[in-house]
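Visitor: below are the sequence and a predicted model for it; my questions follow.
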Amino acid sequence: QQQVKQSPQSLIVQKGGISIINCAYENTAFDYFPWYQQFPGKGPALLIAIRPDVSEKKEGRFTISFNKSAKQFSLHIMDSQPGDSATYFCAAKAYNFNKFYFGSGTKLNVKP
Amino acid sequence: KAGVTQTPRYLIKTRGQQVTLSCSPISGHRSVSWYQQTPGQGLQFLFEYFSETQRNKGNFPGRFSGRQFSNSRSEMNVSTLELGDSALYLCASSLMAKDNEQFFGPGTRLTVL
C-alpha cells in the first residue's frame, strides 16, 4: 500500500516556466511534509517542508501548497532553471515515528 | 561540519553472499535511518536506530539487519544476497529521534550478480 502518491512521473518544462509536482496521502496522522531534490549520484537533499497548520510556504523560487481537507500537497518551482533538473520526491511523516514515506519521484527536465 | 558519509560507495557481490554497509552520521546526530532506493520501488524505509536501539523497522525480510554503535555510527547487513537486493542504500541522520529534518548521505550502490 503506497502511503504517498506522487505525479507526474516525469516533467519537461521550458526555462523560465513553472514546474508543478503533486502528491496525495491517506494517513491523517502525517504532520510533516518535506520535498527532497536528488541529483544523479547524490543522496536526496531537503528542499522545503511544510506542516499542516499552514496552507502555503515559500522559500525563494520554491513554494509548497498544502490542502489538508483534500490530503494533497504540491511543489511549485517558479522561473524554472536548467540547474533545477533533478528528481524530486515528496514525503510524509507522523510525529510519533521517525519514519518517512516517500512518493515515487518526479524526474524534472528544464529545457534551456 | 562534515555531512553523512557512507562506505563503500560501490559494491559488487554475487548471490548468496552477505554484505555490510557503513554509515557515519553528522557529528552530534544520534538518529540514523536506512533506506533502499530502486527504480521500481522508489525510496523504502528499512530501519531507524537511536541510542544503539532499533526504534522503527520497515517491511523487509529478516535478511536485512542493522546496528548502531555508541558513537552513533551505524552498519546494515544483508545476508544471503538476492538479485533483487541490487539498489542504492541510503543512510540519513538526524539530531534526535522524531526529528523532522533528515540529512542523507550519498549512498552505497550495491550490485548483486
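Guide: Looks like it arrived, so ask away.
Visitor: and chain A, which residues reach chain B?
Guide: Selection of chain A residues close to chain B by CB under 8 Å from any CB of the partner chain yields A:32, A:34, A:36, A:41-46, A:49, A:89, A:91, A:93, A:95-105. All C-beta atoms are positioned from the backbone trio N, CA, C, and that covers glycine.
Visitor: for ChimeraX, what selects the buried ones among those?
Guide: With 16 or more other CB atoms under 10 Å in any protein chain shown as the criterion, this ChimeraX line picks the buried residues out of the residues of chain A next to chain B:
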select /A:32,34,36,43,44,46,49,89,91,93,97,98,99,100,101,102,103,104,105
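Visitor: contacting residues for the residue in chain A that chain B sits nearest to?
Guide: Proximity of chain A to chain B (CB to the nearest CB) peaks at A:Gly43, 3.3 Å away. With contact set as CB atoms under 8 Å, 6 or more residues apart in numbering or on different chains, A:Gly43 has these partners: B:4, B:90, B:92, B:104-107.
Visitor: one more time with 7 Å
Guide: Shown in contact with A:Gly43 (CB atoms under 7 Å, 6 or more residues apart in numbering or on different chains): B:90, B:104-107.
Visitor: so what's it closest to, chain neighbours aside?
Guide: Distance criterion CB to CB, 6 or more residues apart in numbering or on different chains; nearest residue to A:Gly43, sequence neighbours excluded, is B:Phe104 at 3.3 Å.
Visitor: who does the one you found bridge with?
Guide: The partner list for B:Phe104 in beta bridges (DSSP bridges) reads B:Ala92.
Visitor: can you give me the pLDDT of it?
Guide: If you check B:Phe104, the pLDDT there is 94.
Visitor: with the one 4 residues further on instead?
Guide: We have a pLDDT of 97 for B:Thr108.
Visitor: now the strands for the chain?
Guide: All of this refers to chain A. A:4-7, A:10-14, A:19-25, A:30-38, A:45-50, A:56-59, A:62-67, A:72-77, A:86-94, A:101-102, A:106-111 (DSSP state E).
Visitor: um, chain B though
Guide: Counting by DSSP E, the strands of chain B are B:5-7, B:10-13, B:19-24, B:31-38, B:42-50, B:53-57, B:64-68, B:74-78, B:87-94, B:103-104, B:108-112.
Visitor: and the last one, C-alpha only, in PDB?
Guide: Provided in PDB are the C-alpha atoms of strand B:108-112 (Å, rounded to 0.1, in the frame of the first residue of the first chain):
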ATOM      1  CA  THR B 108      26.200   2.800  -1.400                       C
ATOM      2  CA  ARG B 109      25.400   1.400  -4.800                       C
ATOM      3  CA  LEU B 110      25.100  -2.400  -4.300                       C
ATOM      4  CA  THR B 111      25.000  -4.600  -7.400                       C
ATOM      5  CA  VAL B 112      24.300  -8.300  -6.900                       C
END
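Visitor: got the angle between that strand and strand B:31-38?
Guide: 40 degrees (axes from the mean of the first three to the mean of the last three CA atoms, to 10 degrees).
Visitor: same question, the longest one
Guide: Angular relation of strand B:42-50 and strand B:31-38 on a 0 to 180 degree scale: 160 degrees, by the same axes, to 10 degrees.
Visitor: does any bit of strand B:42-50 sit next to chain A?
Guide: Yes: Strand B:42-50 reaches chain A (CB under 7 Å from any CB of the partner chain) through B:42-43, B:45, B:48.
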